[in-house]
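K.L.:
I would like to see how this sequence folds:
(4 chains)
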4 protein chains.
Amino acid sequence: MELGLIGLGRMGGNMRERIRRAGHTVLGYDRNAGLADVHSLKDLVDALAAPRVVWLMVPAGEATRSTIAELAGLLSPGDVVVDGGNSRWTDDETHAAMLAERGIGFVDCGVSGGVWGLENGYALMYGGEAAHVARVQPVFDALKPPGEFGAVHAGRVGAGHFAKMVHNGIEYAMMQAFAEGWELLEAAGPVTDVREVFRSWQQGTVIRSWLLDLAVRALEEDEHLTALRGYAQDSGEGRWTVEAAIEHAVPLPAITASLFARFSSRQDDSPQMKMIAALRNQFGGHAVTSAAPESGGAGSGS
Amino acid sequence: MELGLIGLGRMGGNMRERIRRAGHTVLGYDRNAGLADVHSLKDLVDALAAPRVVWLMVPAGEATRSTIAELAGLLSPGDVVVDGGNSRWTDDETHAAMLAERGIGFVDCGVSGGVWGLENGYALMYGGEAAHVARVQPVFDALKPPGEFGAVHAGRVGAGHFAKMVHNGIEYAMMQAFAEGWELLEAAGPVTDVREVFRSWQQGTVIRSWLLDLAVRALEEDEHLTALRGYAQDSGEGRWTVEAAIEHAVPLPAITASLFARFSSRQDDSPQMKMIAALRNQFGGHAVTSAAPESGGAGSGS
Amino acid sequence: MELGLIGLGRMGGNMRERIRRAGHTVLGYDRNAGLADVHSLKDLVDALAAPRVVWLMVPAGEATRSTIAELAGLLSPGDVVVDGGNSRWTDDETHAAMLAERGIGFVDCGVSGGVWGLENGYALMYGGEAAHVARVQPVFDALKPPGEFGAVHAGRVGAGHFAKMVHNGIEYAMMQAFAEGWELLEAAGPVTDVREVFRSWQQGTVIRSWLLDLAVRALEEDEHLTALRGYAQDSGEGRWTVEAAIEHAVPLPAITASLFARFSSRQDDSPQMKMIAALRNQFGGHAVTSAAPESGGAGSGS
Amino acid sequence: MELGLIGLGRMGGNMRERIRRAGHTVLGYDRNAGLADVHSLKDLVDALAAPRVVWLMVPAGEATRSTIAELAGLLSPGDVVVDGGNSRWTDDETHAAMLAERGIGFVDCGVSGGVWGLENGYALMYGGEAAHVARVQPVFDALKPPGEFGAVHAGRVGAGHFAKMVHNGIEYAMMQAFAEGWELLEAAGPVTDVREVFRSWQQGTVIRSWLLDLAVRALEEDEHLTALRGYAQDSGEGRWTVEAAIEHAVPLPAITASLFARFSSRQDDSPQMKMIAALRNQFGGHAVTSAAPESGGAGSGS
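P.N.:
Numbers count the residues shown, from 1 in each chain, chains lettered A, B, ... in the order given. Sure thing, here's the model as predicted:
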């Protein structure tokens, strides 16, 4: 089939390649003309035969919103738009409604797989009406990994991004689990070769997983991760996961702890810990500006 | 080779079977005479040719301690004792020293694999002197999964149990990650078939793992886990992991949150939440014994 | 001065009384006619001389929104509306803008004090333009506790509710601190009279506080809180505090843990702990439906 | 009465002064001869009339242990030793037993009050046999704050340090509560004068407390705490609180989060966050050594 693909960055570019390898025709647009097959959204729409399927891989938020608004004016009834970016699931209903007014279908699709997706396939979670999903099915089949799993029609519009959001929340806590365990092994105890222990865990253990395999790869490149700073971004889904949980009174202690650990990692100095230091100074009579470890005499504060 | 195996419960019994399938001779002892090949520790030691290897699979703590003490009096210089149970790693040095006084070697070995180990192999993490480990190597080779990984000589005495302890700490947080994600999907949002989403995640995602496969199995048996109570034991290693982290000032927020969630799950009623309720009553003027949800009027406390 | 007061529940009723004791005239309206001085918002507005000050003490959300919308149609340029309820601070700007279109001023005011406020005074945090605040100042002076502190003009519109929201977030974690400490003292250790320890802490300690005094009062009524269920509501501000923190990448581990503890306290059974139990069953071979504590044999899972 | 006081640092020196002001005789010993009244433990014991009371204010752990061992050889049956330092409560029973063999009594006493204790009095929590406590009562009366509260006989030997330990655990979470709230107010929202908000909270609020008063003092000295580093020590009791909770399966999420926040504050770079960064690099294809914030394109990992 024929697909219009908007956004040809690292993810979009690899996805175009995988879809083409499956024998489909992909027409790509990107603001960076060097990557693009056509030079405007209008050219893209004109070049595709109706009924069209147009897939977005652009940054969540304003870029996705404005692109969908522009497409709404260019596409025809019967066309289908797929948002494959990392949009917040609550945006999907707005986008679907805007397009539905003009008879255009909408499918939201969470995509997982990173740089490995080109060769191994991308995990896909999508939401929308069955008829709209059916139109995109050949592309889903091209992108997904071979085998029984890796793609799911998760429910109505928004369900794809919601499922991907929770996937990422789980991922945060799993990454944190390995990170905490690794730090403890490196810091303490009788284990002399932490990397060898991680390597051994890849078979037979309860914690064997793709993330463990990636940890081993990272340790093989840099045994003590000395070349890295302990600085971790977060990309939205973790936050939204916690917000969805709060809205529904679901306790998420491990996922939230993982998110907060990333927040802390990005602070050069912690304002809240300044306040702790200030309070200790006030009741303990510690010198106000000193940050040196103290000797911890009897009866001192805490 | 010939192995004495003490403790023939679910784990020990399966391990005996796997070692035998590899062509070794296993003489088993258990307090339950129906499971045992010999009828006392003394019979076991007498029946094995020196230099002997004796492997314990008995409960951590007193049972392990007293068994090792008794073996110290029965074994000969050059024999090796393996503690394959879930002992706290700090016990290992004591046991090793007690045996070393009589020229008996000691290896601690953390074993992972549960009921799947018989067919798939057990992941093994062991600690001790190279010469002692070498004596046990054929048994390690029989127990471990086929392939490159699944067994590691992690360091000196204690390193095996330490590595297994951290493995289990990581496992706690990974299980908690999936549990939190599943609860959120079931509680909220547009996903209509949570089980199908979990199933799809088994390929192509960042979170694919053996624990995910087990979650899918569990959901296939009971889609909404209605037959289960939200009640989770913990078995020592999680606690020891947090204690080791505290001793070395390593923050473990996700693993600790996972441990505390299990503690809470076992409380019929939460004393600390009684205190929260009592305080809310005191400043808010709520009736003291009522536990009914309130309407949350303007200006009320929190 | 003359004040219109809308909402005469527990909080509003007591506030009317305190304002009257200070010599001001309060005209009250409530949907419950038995509490009210006038029988409609229109009657209230008609009975007050312009320029008016009208203070809302109604539930946050829809009730506040619709009352302000109705007032916008009844009040005159130069009047001022005060929202003294527990509105989310992000609502304040909307309300202020709606009223500003008609020349009506707006002040948001967080009110703390519970049932003790009538006698001791209410802590007030308010936001808005200086000229609008000045109009309400006599009422603020009547409501606040005697002394130097207890009232603050915290900033622009929204600042009052934002400050009150953070106050409540802090309150959550302080309550949780005492609750955790109390549970630990009751559960473990050599302390034989926990209530006496709490009582003693009221002087000379670092943790002396009004919440501690309230805890002592609660323990004096019911030494082991046996008449209470471990069930705690939350009323919005805690959730909003965490959401504001997430939006600004501020880690709030203690406040969030306190919020989640309340969520958990309201679950009859924990779905996430069912999943933990299910996973333990899968790898450990535990009977699927049993929730009985297990004996914890060697080599079992965790 | 007459008291021997060992350890005349900041705490001990001030306590000596307060006890003297109450009309008692204090003979002080310190390794720093410039502070001391006598020049050895033996001189101290010789100079006191039997039956003696000797109070220790020396660092917990080895210093306390060795001092008590030395005293055991110097004191006479009927004497009483008070450990007023920050000993772990589990040490108390050992010390009591060692002294009891020689007919010497033992009282453990947790002391709170910091540099404010000299003027305001010290909060005291003590454990031991009633007869031993009675011997020390005049000193307790001299040290405690005036009024009904501030001192408690908490139970048997160890109860004093256990109660003080839990006090400090509560203190950790209360400090963290204010610290988190302060950081959020400084980071976000419409509040323009955070210090003024803190100041106002000192009356009428639910969170009014001595720690709040201290926070206000700190902000008056340095409005944004710019002179401080976000670096916080911990002094043992917080760790022991969490360990006691783990031993008894009591969940302490807020107190533990507060402890971990201090651990993190002392790390120049976080090893666990290096692992998070490494994993993100592995699946996301990010450049391995770059720590720069990324732009967060569509479909990228998390």
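K.L.:
I'd guessed residue A:48 sits against residue A:54; true?
P.N.:
Yes - the pair residue A:48 / residue A:54 is scored as a contact, 7.4 Å apart, by Cβ atoms under 8 Å. Heads up, the C-betas are built off the backbone N, CA and C, glycines and all.
K.L.:
so what sits against both of these two?
P.N.:
The contact sets of residue A:48 and residue A:54 overlap at residue A:4 (Cβ atoms under 8 Å, 6 or more residues apart in numbering or on different chains).
K.L.:
can you give me the neighbour number for residue A:70?
P.N.:
Look at residue A:70: counted by other Cβ atoms under 10 Å in any protein chain shown, it has 15 neighbours.
K.L.:
thinking again about what came up before, higher neighbour count, residue A:48 and residue A:54?
P.N.:
Comparing residue A:48 with residue A:54 by other Cβ under 10 Å, the one with more neighbours is residue A:54, at 25 against 19.
K.L.:
phi, psi for the more buried one please.
P.N.:
Per-residue torsions, residue A:54: phi -120, psi 130 (degrees, to the nearest 10).
K.L.:
so what's it bridging to?
P.N.:
residue A:4, residue A:81 (DSSP bridges).
K.L.:
against chain B, how distant is it?
P.N.:
Distance of residue A:54 to chain B, computed by Cβ to the nearest Cβ, to the nearest Å: 22 Å.
K.L.:
tell me who's in contact with that residue.
P.N.:
Residues near residue A:54 by Cβ under 8 Å, 6+ apart: A:3-6, A:44-45, A:48, A:71, A:75, A:79-82.
K.L.:
most neighbours, which of those?
P.N.:
Among the contacts of residue A:54, residue A:6 has the most neighbours (other Cβ under 10 Å), with 30 neighbours.
K.L.:
my guess is that one meets residue A:56, correct?
P.N.:
Yes - at 4.9 Å, residue A:6 and residue A:56 qualify as touching, with contact defined as Cβ under 8 Å.
K.L.:
between those two, what contacts are shared?
P.N.:
Joint contacts of residue A:6 and residue A:56 (Cβ under 8 Å, 6+ apart) are residue A:67.
K.L.:
what about residue A:238, neighbour count?
P.N.:
Neighbourhood size, residue A:238 [other Cβ under 10 Å]: 24.
K.L.:
so what sits opposite residue A:111 in the bridge?
P.N.:
residue A:124.
K.L.:
my guess is it contacts residue A:124. True?
P.N.:
Yes - here residue A:111 reaches residue A:124: they are 6.1 Å apart, a contact under Cβ under 8 Å.
K.L.:
between these two, which one's more packed in?
P.N.:
With neighbours defined as other Cβ under 10 Å, residue A:111 and residue A:124 compare such that residue A:124 has more, 30 against 26.
K.L.:
what sits against that one?
P.N.:
A:109-112, A:140, A:143-144, A:150-152, A:160, B:200, B:204.
K.L.:
what do you get for residue A:275?
P.N.:
Residues in contact with residue A:275 (Cβ under 8 Å, 6+ apart) are D:175, D:178, D:179, D:182, D:183, D:215, D:218, D:225.
K.L.:
by neighbour count, which of these wins?
P.N.:
residue D:175 (33 neighbours).
K.L.:
may I ask which helix or strand encompasses it?
P.N.:
Assigned by DSSP states H and E, residue D:175 falls within helix D:159-187.
K.L.:
for whatever helix or strand comes next after that helix, name the packing helices and strands.
P.N.:
Per DSSP H and E, the first helix or strand lying C-terminal to helix D:159-187 is helix D:194-200. Counting contacts by 3 or more Cβ pairs under 8 Å, 6 or more residues apart in numbering or on different chains; DSSP states H and E, helix D:194-200 packs against strand C:123-127, strand C:151-155, helix D:159-187, helix D:210-221.
K.L.:
number of residues surrounding the spatially closest residue to residue A:223 that is not a sequence neighbour?
P.N.:
In this structure, residue A:223 finds its nearest non-sequential neighbour in residue A:195, 5.3 Å apart by Cβ to Cβ, 6 or more residues apart in numbering or on different chains. Residues lying near residue A:195 (other Cβ under 10 Å) number 18.
K.L.:
now do the strands in chain A.
P.N.:
For chain A, the strands defined by DSSP state E cover A:2-6, A:25-29, A:53-56, A:80-83, A:105-112, A:123-127, A:151-155.
K.L.:
domains in chain A, as residue ranges please.
P.N.:
Split into domains by automatic domain parsing, chain A comes to A:2-155, A:164-284.
K.L.:
which of the ones you listed is buried the deepest?
P.N.:
Highest mean neighbour count among the domains of chain A (mean count of other Cβ atoms under 10 Å in any protein chain shown): domain A:164-284, with a mean of 23.
K.L.:
average pLDDT across that domain?
P.N.:
Mean pLDDT, domain A:164-284: 96.
K.L.:
straight-line length of that domain, end to end?
P.N.:
End-to-end distance for domain A:164-284, by Cα to Cα, to the nearest Å: 49 Å.
K.L.:
equivalent analysis for stretch A:113-123, please.
P.N.:
Start-to-end span of stretch A:113-123 (Cα to Cα) is 6 Å.
K.L.:
that stretch close to chain D?
P.N.:
Yes - on the criterion Cβ under 8 Å from any Cβ of the partner chain, stretch A:113-123 is in touch with chain D at A:114, A:115, A:116.
K.L.:
quick one: distance of that stretch to the chain centre.
P.N.:
Distance, stretch centre to chain centre, for stretch A:113-123: 13 Å (Cα atoms, centre = their mean, to the nearest Å).
K.L.:
any part of that stretch near chain B?
P.N.:
Yes - looking at stretch A:113-123 against chain B by Cβ under 8 Å from any Cβ, the contacts come from A:113, A:114, A:117, A:120, A:121, A:122, A:123.
K.L.:
restricted to helices, list those residues.
P.N.:
A:117, A:120 (DSSP state H).
K.L.:
which one of the residues of stretch A:113-123 next to chain B is nearest chain B?
P.N.:
residue A:123 (3.3 Å; Cβ to the nearest Cβ).
K.L.:
what about the closest one, distance to residue B:181?
P.N.:
Look at residue A:123 and residue B:181: by Cβ to Cβ, to the nearest Å, they are 14 Å apart.
K.L.:
one more: residue A:207?
P.N.:
17 Å.
K.L.:
cool, residue A:119 as well?
P.N.:
Residue A:119 sits 27 Å away from residue B:181, going by Cβ to Cβ.
K.L.:
again, but for residue A:250
P.N.:
According to Cβ to Cβ, residue A:250 and residue B:181 sit 10 Å apart.
K.L.:
do the same with residue A:217
P.N.:
From residue A:217 across to residue B:181, the span is 25 Å (Cβ to Cβ).
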